[in-house]
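**Student:** Provided below are the primary sequence and the corresponding predicted coordinates.
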Amino acid sequence: MKKCILLVAFLIAGTSLSPAQESVDVLMDKALNEAAASEKHVLVKFEASWCGWCHRMTKQIKDPSIASYFNENYVMLPIVVFENGDKVALENAGSRALIKKYKGDIAGLPFWVILDAAGNVVTNSFNEKGQNIGCPSSKEEVAVFIEKLKATSKMTDKDEKKVAMIFTKK
């Protein structure tokens, strides 16, 4: 009997939604509520399982030397979009409409926007030429990224140096 109960519990747990399957509406509501409560901005990063630059940016943001900066200043909201074949189920419901809303549907991945707690776009990953810097890596891209971070956070000189170092590291 115990084995049967454990099997049923395992099957139920296995069918619950993973965060990647939650709708963008649910995820956005949670993120905006958290941002309002903590006086932070929301950094929405559109990504896909096949996107090497997406994985690189996630790894950089989570680097121990700068993770606290991002966690203290932003509610991080990854949105899975543009999956293919058997990976389509990984997409968040509504992700394609959301990325289109922010004009990132033709930008490539990763694409990101920074929102205020009311859901208004404060900035995005487009540079002054309208090009997506995505996961910044060149000195010029990282400089643009840092300016956008400075405008939306409490970035110290120390934070700036660390972010620059991590994002320009090859």
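**Tutor:** Yep, it's here.

**Student:** how near is K169 to K139?
**Tutor:** Separation of K169 from K139 (C-beta to C-beta, to the nearest Å): 12 Å. Every C-beta, even on glycine, is put in place using the N, C-alpha and C of the backbone.

**Student:** what packs against the strand or helix carrying E140?
**Tutor:** Assessed by DSSP states H and E, E140 sits inside helix 139-152. If contacts are counted by 3 or more C-beta pairs under 8 Å, 6 or more residues apart in numbering; DSSP states H and E, helix 139-152 sits against strand 121-124, helix 157-168.

**Student:** turn those into JSON lines, including mean pLDDT.
**Tutor:** Supplementary listing: the helices and strands packed on helix 139-152 in JSON lines, determined by pLDDT from 0 to 100:
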{"stretch": "strand 121-124", "mean pLDDT": "98"}
{"stretch": "helix 157-168", "mean pLDDT": "98"}
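
**Student:** for those, give me CSV that also has mean neighbour count.
**Tutor:** Output for these, formatted as CSV (neighbours: other C-beta atoms under 10 Å):
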stretch, mean neighbour count
strand 121-124, 16
helix 157-168, 16
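
**Student:** right, so of these, which gets closest to G52?
**Tutor:** Smallest distance to G52 across these (C-beta to C-beta): 15.1 Å, for helix 157-168.

**Student:** contacts for the closest one, please.
**Tutor:** Residues from elsewhere that reach helix 157-168 (C-beta atoms under 8 Å, 6 or more residues apart in numbering): 60, 63, 65-66, 69, 135-139, 142, 145-146, 149-150, 155.

**Student:** same thing but 6 Å
**Tutor:** With C-beta atoms under 6 Å, 6 or more residues apart in numbering as the contact definition, helix 157-168 has outside contacts at 60, 63, 65-66, 69, 136, 142, 146.
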